[in-house]
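[1] for reference, the sequence and a predicted model appear below.
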Amino acid sequence: MRNPTTPVTDALYEYILAHTVREDHLLDALLRETRNLPNAHWAATPEQVAFLTMLVRLTQARRILEIGTFTGYAPLAMALAQPDDGTIVTCDIAAGWSEMGLHYWRDAKVERQIERRIGRSHDIVRQLLAEGHMGTFDLIYLDADKAEYGNFIAAAEALLVPGGLLVADDVFWNGRVVDDGDPDPKTAGVREFNARIFEDLRFDLAMVPIANGMTLARKK
């Protein structure tokens, strides 16, 4: 028997924000600045960031890898939720967007925790493996090029500690994943990721209907 998720109307969404998000003033300021960008929809939403910070606190994630920095909103939130000895490696193809977050990281006194790397995500992942970081990350947050999503699964399994958590954003891809007639490479990439992670028995799995869909995959 189908038990559908409650549709999130505008009014219900505002209720969620009002009863979930206790946002730090620096996080709020960075989000407001991010929203002035033409590609602001790339940023994580406040309820996603609340969920991410809860996961960081629950897992006590000391080592985090973020694939897709954008303006640095999510790494700021995760750094604030980490233990005092926590570190985050965050990577993005372009330096310009993430520079927006630098002074917010500094003002929040978490700049020393965050290592920013610029370049293609797959190249940076290969660098991390070559540098000996295999099996060292407690949590990986994936929010990069959707056409390449499926190709990150093997790297995530290699980089995560046993029991480590992969969090993948945008797994609904605006509902396009269920449109078999959609030929877009990004849609195909998200579909491929969803199918491959489901079939990969090295992970425990849950898909949650937050924002544009998030998958939690725990390395066994």
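    Nice, I can see it. Residues are numbered from 1 along each chain as shown.

[2] for the protein, which segments count as helices?
    Assigned helices in the chain, in chain order: 10-20, 25-34, 46-59, 73-81, 95-99, 102-107, 121-130, 153-159, 185-199 (criterion: DSSP state H).

[3] show me the one of the ones you listed that comes nearest Ala217.
    helix 185-199 (5.5 Å; C-beta to C-beta). In short, each C-beta sits where N, CA and C put it, glycine included.

[4] average pLDDT across the closest one?
    Averaged over helix 185-199, pLDDT sits at 96.

[5] ok, residues contacting it?
    If you take C-beta atoms under 8 Å, 6 or more residues apart in numbering as the criterion, helix 185-199 is touched by 145-150, 152-153, 166, 168, 170-171, 173, 176-177, 179, 203, 205, 207, 215, 217.

[6] for that helix, list the C-alpha coordinates in PDB.
    Taking only C-alpha atoms (Å, rounded to 0.1, in the frame of the first residue of the first chain), the coordinates of helix 185-199 have been written out as PDB:
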ATOM      1  CA  PRO A 185      23.500  13.900 -19.600                       C
ATOM      2  CA  LYS A 186      23.000  15.300 -16.100                       C
ATOM      3  CA  THR A 187      19.700  13.400 -15.700                       C
ATOM      4  CA  ALA A 188      21.400  10.300 -17.000                       C
ATOM      5  CA  GLY A 189      24.300  10.700 -14.600                       C
ATOM      6  CA  VAL A 190      22.000  11.000 -11.600                       C
ATOM      7  CA  ARG A 191      19.900   8.000 -12.700                       C
ATOM      8  CA  GLU A 192      23.200   6.000 -13.100                       C
ATOM      9  CA  PHE A 193      24.300   7.000  -9.600                       C
ATOM     10  CA  ASN A 194      21.000   6.100  -8.100                       C
ATOM     11  CA  ALA A 195      21.000   2.700  -9.800                       C
ATOM     12  CA  ARG A 196      24.600   1.900  -9.100                       C
ATOM     13  CA  ILE A 197      24.600   2.900  -5.400                       C
ATOM     14  CA  PHE A 198      21.400   0.800  -4.900                       C
ATOM     15  CA  GLU A 199      23.100  -2.300  -6.400                       C
END
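
[7] hmm, back to that, among the contacts of helix 185-199, which are located in strands?
    Within those, residues falling in strands by DSSP state E are 166, 168, 203, 205, 207, 215, 217.

[8] make CSV from the residues you listed and add neighbour count to it.
    Output for the ones in strands among the contacts of helix 185-199, formatted as CSV (neighbours: other C-beta atoms under 10 Å):
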residue, neighbour count
Leu166, 25
Ala168, 25
Phe203, 21
Leu205, 15
Met207, 16
Thr215, 23
Ala217, 26
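
[9] closest to Thr45 among these?
    Thr45 has its nearest neighbour among the ones in strands among the contacts of helix 185-199 in Ala168, at 15.2 Å by C-beta to C-beta.

[10] specify the beta-bridge partners of that closest one.
    In this entry, Ala168 is beta-bridged to Leu142, Thr215, by DSSP bridges.
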